[in-house]
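>>> I would like the atomic coordinates for the input below:
(one chain, ligands or ions: 1)
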Amino acid sequence: MSPRSTCHRRSWAAALAAVLILSACTSLKRLAYEGFGRDGWQKPDEVVAALALRAGDRVADLGSGGGYFTFRFSRAVGPAGKVYAVEVDSGMLDYVGARAKEEGYRNIETVSAKYDDPLLPESGVDLIFTSNVYHHIEGRVKYFADAAKYLRAGGRIAIVDFDGRHWTAIFGHTTPVELVRKEMEEAGYRLERELDFLDRQAFLVYSRP
Ligand SMILES: C[S@@+](CC[C@H](N)C(=O)[O-])C[C@H]1O[C@@H](n2cnc3c(N)ncnc32)[C@H](O)[C@@H]1O
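Below you'll find the predicted structure:
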């Protein structure tokens with residue numbers, strides 16, 4: 001065998017290995033985000049119901065991960081609505097995009113965001129929703145103050161984040177609810193509702209005065 005064809009085979013093997021590792025990474029990340037029995041404590045249907053979305057609404061699922069909420073929002077806003085799955089992780093976006101296509105969720109669009117800007121369309125959204133993402137965002141006061149330009153009139157921001165009540169807080173990835181309140185006020189938002197039916201996460205809904 002010529003050295004050239006050996007080299008060719010090696011690069012194919014390396015490319016295949018890279019694809020396998022990346023897809024394993026995406027699956028592992030999804031498992032880490034969603035765990036086992038998440039519905040029991042996450043109460044996704046109650047969360048979506050509490051947001052009182054209307055048919056035709058436009059929703060940004062900021063830090064959509066494996067789309068745990070994205071697909072539920074898609075059903076809630078219906079075919080006239082739109083759901084933007086917004087992510088900085090291209091593997092997760094590819095997964096959500098492929099599943100949306102395969103299962104016929106035509107109102108889902110993936111958005112490759114920047115860490116400091118969700119890069120939503122200028123036409124804006126009615127709701128920016130984040131679940132277990134708030135603690136990942138750096139410079140949150142500026143981030144959310146800037147994000148106001150993506151909200152349509154009457155638009156809201158909903159934040160669901162681990163607040164330290166549960167034993168899993170030993171792994172970090174939490175934000176004290178007082179800090180969320182302080183930062184969102186500094187970013188120029190008014191607290192509209194604070195829901196207390198989740199046992200380990202704060203759930204706050206903001207609007208723009
Ligand atoms: C713990 S996962 C939560 C996924 C999903 N929201 C859920 O509840 O299952 C956090 C996600 O936020 C994404 N993320 C972190 N910082 C981000 C940023 N600045 N903009 C958009 N996504 C971000 C990560 O890539 C990751 O997929």
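
>>> Tell me which stretches of the protein form helices.
3-34, 38-42, 44-50, 70-77, 90-103, 140-147, 177-186 (DSSP state H).

>>> and the closest residue in space to Arg106 that isn't next to it in sequence, what are its phi and psi?
Excluding the flanking residues, the one nearest Arg106 by C-beta to C-beta, 6 or more residues apart in numbering is Pro79, at 6.8 Å. Heads up, the C-betas are built off the backbone N, CA and C, glycines and all. Phi and psi for Pro79, reported as degrees, to the nearest 10, are phi -60, psi -20.

>>> Counting neighbours, what do you get for Pro79?
Neighbours of Pro79 under the rule other C-beta atoms under 10 Å: 11.

>>> So it versus Val111, what's the distance?
Distance, Pro79 to Val111, using C-beta to C-beta, to the nearest Å: 19 Å.

>>> again with Ser123
From Ser123 over to Val111 the distance is 13 Å, taken as C-beta to C-beta.

>>> the more surrounded of the two?
Ranked by neighbour count (other C-beta under 10 Å), Ser123 and Val111 place Val111 first, with 17 against 9.

>>> can you list the domain ranges for the protein.
If you go by automatic domain parsing, the domain ranges for the chain are 1-36, 37-207.
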